[in-house]
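**Q** starting from these lines, generate the structure:
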Amino acid sequence: MANSEEVFFPEEPRSSRGPRRPVAASRGWKILGAAVVGLLVCAVGTLATCYSQFVIDVPVKHMAVLIKKTGHDLKNGDEIAPDESFKGVQIGVLTEGRYVFQYDPYNWSWEVIPQLEIPNGKVGVRVRLYGDDLPPGELLAKLETQKGIVPGVLQPGRHAVNPYLYKVEVHDPVTVPAGYKGVKTNLTVPIPTQAEDYWNDADDETHRKLLVKPGFRGVEKETLDPGTYPLNPFEVAVNLVDCRNQRFNLSESKDLGFPSKDGFWVSLDSIVEFRVNPAMAAKAYVLYNEEVNGNKVDEEVVRKVILPAARSFCRLQGSNNTGREFIQGRTQFQENYQATMKSNCDPLGIEIIQALITKINPPQQIAKPVQDREIAKQKAEQYTEQIKQQKSEIKLAIEQELVKQKQALVTAEQSVIRDTTQALREQQVAVTKGEEKLAVAKLHLDAAKDESAATKARGEGAAEVVKFKNAAEAAGWKHAVEAFEGDGNRYAQFVLYEKLAGAYRNVMINTADSPLMKVFETFQTPGSLRPGKGYVPGGGATAASPSNPSTPPAGRLSDPEKSDLPADASDPVRPVADSTAKP
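**A** You can find the predicted model right below:
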């Protein structure tokens with residue numbers, strides 16, 4: 001136990017709370033924590049170092065150029081490593097992205113640079129910086145192994161182009177404005193060697209081998225229409241030719257003069273409106289363009305085509321006319337001038353739109369006399385025309401009067417024809433209406449006859465019916481009268497009593513002198529009828545007396561309900577008397 005060490009823990013004050021802690025243990029924990037933190041810092045530093053050394057982070061719109069540190073050495077003529085087994089700049093590049101542990105810092109190094117950006121409205125031409133030299137006569141590096149200008153262009157946008165491999169030049173695209181034609185000149189294709197390589201113009205035997213066919217070096221016949229074309233300026237050259245209307249005043253040159261047939265000097269002022277034929281713009285450019293003028297050919301066209309053609313015509317045709325003819329008139333000379341200028345310039349690709357002679361300066365020696373003579377002739381012609389006009393007006397007045405007369409005759413004839421036609425039409429209408437009325441009257445007559453026959457038939461039928469009815473009634477009355485022994489008066493009296501009996505219950509009247517009681521007096525006559533009882537021979541109605549209470553007193557009828565007489569409720573004559581009537 002000699003090597004053992006005793007650890008003494010100092011006593012803490014009693015007032016302190018919590019468990020007692022050893023001092024040596026707390027120091028150990030602190031050392032351990034510091035060690036852990038140091039390890040973490042080392043680990044993070046190591047990871048950051050590894051990330052920066054083994055991870056390639058290419059941001060947006062950038063690229064990474066790779067350079068190999070180890071490998072085979074390049075040859076003396078090489079600028080770029082053919083593949084990854086050689087040292088130097090590699091052909092390929094890394095685009096946007098993150099490449100983790102694919103390239104180590106021992107074998108590789110890299111450069112993160114912005115990508116090439118070609119703005120809108122521009123084109124990029126690549127020039128390859130590595131490869132073999134071009135053979136003699138070649139201007140473009142058409143193969144990947146050749147050094148020089150690369151065919152084609154880069155369009156606007158971003159391109160991952162290795163700056164160690166290519167140099168990019170930014171150029172403007174070819175723009176052909178409206179009214180122009182673009183003449184293409186091939187700069188890098190093979191040179192034509194045979195006649196078949198050129199366009200053969202059958203209309204122009206003078207100019208041969210001016211324009212080449214596509215695929216050969218030189219000016220092509222086909223031109224570019226107005227628009228924008230992304231072309232390589234080292235591959236194709238484009239020259240603009242103005243095909244719009246141009247106007248040239250030949251009086252500005254002061255050279256358009258010639259001697260007349262009779263030896264007088266005559267000068268002209270002319271305006272020629274022309275344009276380059278769009279279909280022959282390439283031919284006109286080759287024939288008349290000069291390098292000092294650039295793309296402008298209008299001045300050369302005027303100097304080489306328009307002015308010589310106008311001078312030639314004036315000197316040849318003007319010498320065939322006298323000075324007086326130029327003073328008197330120039331219509332035919334103007335027409336010939338227009339036709340000749342057009343026929344001479346059209347085959348050369350220059351279209352003459354209009355050629356006008358604005359002024360003719362005749363010789364002053366004969367100008368005044370000829371002018372006076374012309375004025376006198378014009379006045380004579382004017383007076384002659386006035387006389388003709390007066391005669392024409394007289395003739396016109398006569399013809400107008402004749403026309404008026406003919407119009408009046410025609411109007412009268414038309415009126416007669418119109419009245420005659422109207423009368424005939426009215427006559428036809430009247431005849432038609434009369435015939436219609438006649439037909440209607442005949443129809444009415446036939447209808448009346450039919451109606452008369454029908455009425456007669458109905459009357460005869462009704463008469464027969466009345467006749468038979470009367471006969472039937474007469475037969476009934478005859479049998480009824482036979483029941484009263486053939487006495488019609490008795491039957492009539494029966495009918496009267498029968499009608500009156502049912503219409504009265506009680507009657508209160510004066511029996512002394514009442515006309516109505518005279519009717520009932522017959523009840524007291526022998527052999528009279530009693531209603532409802534039949535005929536009683538020799539019997540009559542007895543007078544009422546106290547000894548015979550069933551017999552009603554004279555002048556008072558018994559109640560029809562208690563009598564044997566039948567009551568007719570439908571009889572219209574049915575007076576109702578007071579049942580308390582007294583004599």
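**Q** what's around residue 194, how many residues?
**A** 7 (other Cβ atoms under 10 Å). Backbone N, C-alpha and C define where each C-beta goes, glycine included.
**Q** could you do the one 4 residues further on as well?
**A** Using other Cβ under 10 Å, the number of residues around residue 198 comes to 17.
**Q** how near is it to residue 218?
**A** 8 Å (Cβ to Cβ, to the nearest Å).
**Q** A strand includes residue 63, no?
**A** Yes: according to DSSP: H, G, I helix; E, B strand; the rest coil, residue 63 belongs to a strand.
**Q** how many neighbours does residue 185 have?
**A** For residue 185, using other Cβ under 10 Å, the count is 16.
**Q** OK, contacts around it?
**A** 218-220, 236-239 (Cβ atoms under 8 Å, 6 or more residues apart in numbering).
**Q** what of residue 239?
**A** 182-183, 185, 285, 289, 295.
**Q** which residue ranges form the strands in the stretch 101-250 of the chain?
**A** Counting by DSSP state E, counting those that start in this stretch, the stretch 101-250 of the chain has strands at residues 108-114, 116-118, 123-128, 148-149, 157-159, 166-171, 174-176, 180-186, 218-224, 227-229, 236-242, 246-249.
**Q** for the first one, the distance to its chain's centre please.
**A** Taking Cα atoms, centre = their mean, to the nearest Å, one finds strand 108-114 lying 61 Å from the centre of the chain it belongs to.
**Q** rewinding a little: need the strands of the stretch 101-250 of the chain in TSV with mean pLDDT, can you?
**A** Output for these, formatted as TSV (pLDDT from 0 to 100):
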stretch	mean pLDDT
strand 108-114	90
strand 116-118	93
strand 123-128	94
strand 148-149	92
strand 157-159	93
strand 166-171	93
strand 174-176	94
strand 180-186	92
strand 218-224	90
strand 227-229	94
strand 236-242	91
strand 246-249	86
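**Q** now for residue 198 and residue 218: what residues contact both?
**A** Taking Cβ under 8 Å, 6+ apart as the contact rule, residue 198 and residue 218 both touch 192, 211-212.
**Q** next step: these restricted to helices.
**A** Using DSSP state H to define helices, no part of the shared contacts of residue 198 and residue 218 is located there.
**Q** coming back round to it: selecting buried members of the contacts of residue 239 in PyMOL, what would you type?
**A** Buried subset of these, written as a PyMOL selection, criterion 16 or more other Cβ atoms under 10 Å:
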select buried, resi 182+183+185+285+289
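**Q** what residue spans form the domains of the protein?
**A** Following automatic domain parsing, the chain resolves into domains at 56-167, 250-275+292-367, 376-482, 492-583.
**Q** surely residue 277 meets residue 297?
**A** No: if you go by Cβ atoms under 8 Å, residue 277 and residue 297 don't touch, sitting 12.0 Å apart.
**Q** anything in contact with each of those two?
**A** Counting by Cβ under 8 Å, 6+ apart, the shared contacts of residue 277 and residue 297 are residue 284.
**Q** tell me which of the two has more neighbours.
**A** Set residue 277 next to residue 297 and count neighbours by other Cβ under 10 Å: residue 297 wins out with 26 against 18.
**Q** contacting residues for the more buried one?
**A** Here residue 297 is in contact with 241-242, 276, 284-285, 288-289 (criterion: Cβ under 8 Å, 6+ apart).
**Q** let's see 10 Å
**A** Neighbouring residues of residue 297 by Cβ atoms under 10 Å, 6 or more residues apart in numbering: 183, 239-242, 276, 281, 284-290, 304, 349-350.
**Q** narrow those to just the buried residues.
**A** 183, 239-242, 276, 281, 284-289, 304, 349-350.
**Q** and the residues you listed, which two are the farthest apart?
**A** Within the buried ones among the contacts of residue 297, 240 and 304 form the most distant pair, 19.1 Å apart (Cβ to Cβ).
**Q** grab the nearest non-local neighbour of residue 99.
**A** residue 56 (4.2 Å; Cβ to Cβ, 6 or more residues apart in numbering).
**Q** ranges for the helices of this structure?
**A** Secondary structure of the chain by DSSP H: the helices cover 23-54, 281-288, 298-301, 307-318, 323-328, 331-345, 364-482, 488-501, 515-520.
**Q** winner for burial among those helices?
**A** Mean neighbours per residue, mean count of other Cβ atoms under 10 Å, is largest over the helices of the chain for helix 281-288, with a mean of 22.
**Q** closest to residue 425 out of the contacts of residue 239?
**A** For the contacts of residue 239, the nearest to residue 425 is residue 182 (83.6 Å; Cβ to Cβ).
**Q** got a list of what the closest one touches?
**A** For residue 182, the contact set (Cβ under 10 Å, 6+ apart) comprises 174-176, 222-227, 229, 231, 236, 238-241, 281-282, 295.
**Q** tell me what it is bridged to.
**A** For residue 182, the beta-bridge partners are residue 224, residue 240 (DSSP bridges).
**Q** so what's residue 71 up against?
**A** For residue 71, the contact set (Cβ under 10 Å, 6+ apart) comprises 81, 83-88, 107.
**Q** again, only this time at 7 Å
**A** 85-87 (Cβ atoms under 7 Å, 6 or more residues apart in numbering).
**Q** which among those residues count as buried?
**A** Buried among these by 16+ other Cβ under 10 Å: residue 86.
**Q** in TSV: the contacts of residue 71, plus distance to residue 30.
**A** TSV is the format used below for those (distance: Cβ to Cβ, whole Å):
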residue	distance to residue 30
85	56
86	57
87	53
